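1. Everything below, folded, please.
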Amino acid sequence: MALSDTTVWQTRITGNDYTIGDTDGLALNVTARGGKIWRFRYYWVGVQKRMSLGSYGSYQRRS
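-> Residues are numbered from 1 along each chain as shown. Alright, predicted model coming up:
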């Protein structure tokens, strides 16, 4: 599922943490309190790693 700006903006707060995955390792982690954090999942020497890229809203798309 491609994560468009509209899709991310419309995510629901459920009271539980959950993750919405995009292609090639990009994911959006939605926290129980409503935070939205971009993460990148990758493998390094056969071990899965995660890198936080920042919160949704701290990066603005270009017009």
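
2. Strands along the chain, start to end?
-> Assigned by DSSP state E, the chain shows strands spanning 18-21, 26-30, 36-44, 47-55.

3. Could I get the buried residue list for the second one?
-> Same thing as strand 26-30. Buried residues in strand 26-30, counted by 16 or more other C-beta atoms under 10 Å: 27, 28, 29, 30. All C-beta atoms are positioned from the backbone trio N, CA, C, and that covers glycine.

4. Could you dump those residues into a markdown table and include distance to residue 54 and pLDDT?
-> Converted to a markdown table, the buried residues of strand 26-30 look like this (distance: C-beta to C-beta, whole Å; pLDDT from 0 to 100):
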| residue | distance to residue 54 | pLDDT |
| --- | --- | --- |
| 27 | 13 | 91 |
| 28 | 11 | 92 |
| 29 | 11 | 93 |
| 30 | 14 | 93 |
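
5. Now render the residues you listed as TSV, adding distance to residue 46.
-> Formatted as TSV, the buried residues of strand 26-30 follow (distance: C-beta to C-beta, whole Å):
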residue	distance to residue 46
27	20
28	26
29	23
30	29
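
6. Closest one of those to residue 43?
-> Closest approach to residue 43 among the buried residues of strand 26-30 (C-beta to C-beta): residue 27, at 14.3 Å.

7. Contact partners for that closest one?
-> Contacts for residue 27 (C-beta atoms under 8 Å, 6 or more residues apart in numbering) come out as 19, 20, 21, 38, 39, 40, 41.

8. mind running it again at 6 Å?
-> 19, 21, 39 (C-beta atoms under 6 Å, 6 or more residues apart in numbering).

9. Any of these buried? List them.
-> Buried members of the contacts of residue 27, scored by 16+ other C-beta under 10 Å, are residue 39.

10. Just to check, residue 30 is in contact with residue 12?
-> No: using C-beta atoms under 6 Å, residue 30 is not in contact with residue 12; the gap is 8.0 Å.

11. need the contact list for residue 51.
-> Residues near residue 51 by C-beta under 6 Å, 6+ apart: residue 40.

12. Which per-residue confidence value corresponds to it?
-> We have a pLDDT of 93 for residue 51.

13. For it, give the beta-bridge partners.
-> Beta-bridge pairing for residue 51 (DSSP bridges): residue 40.
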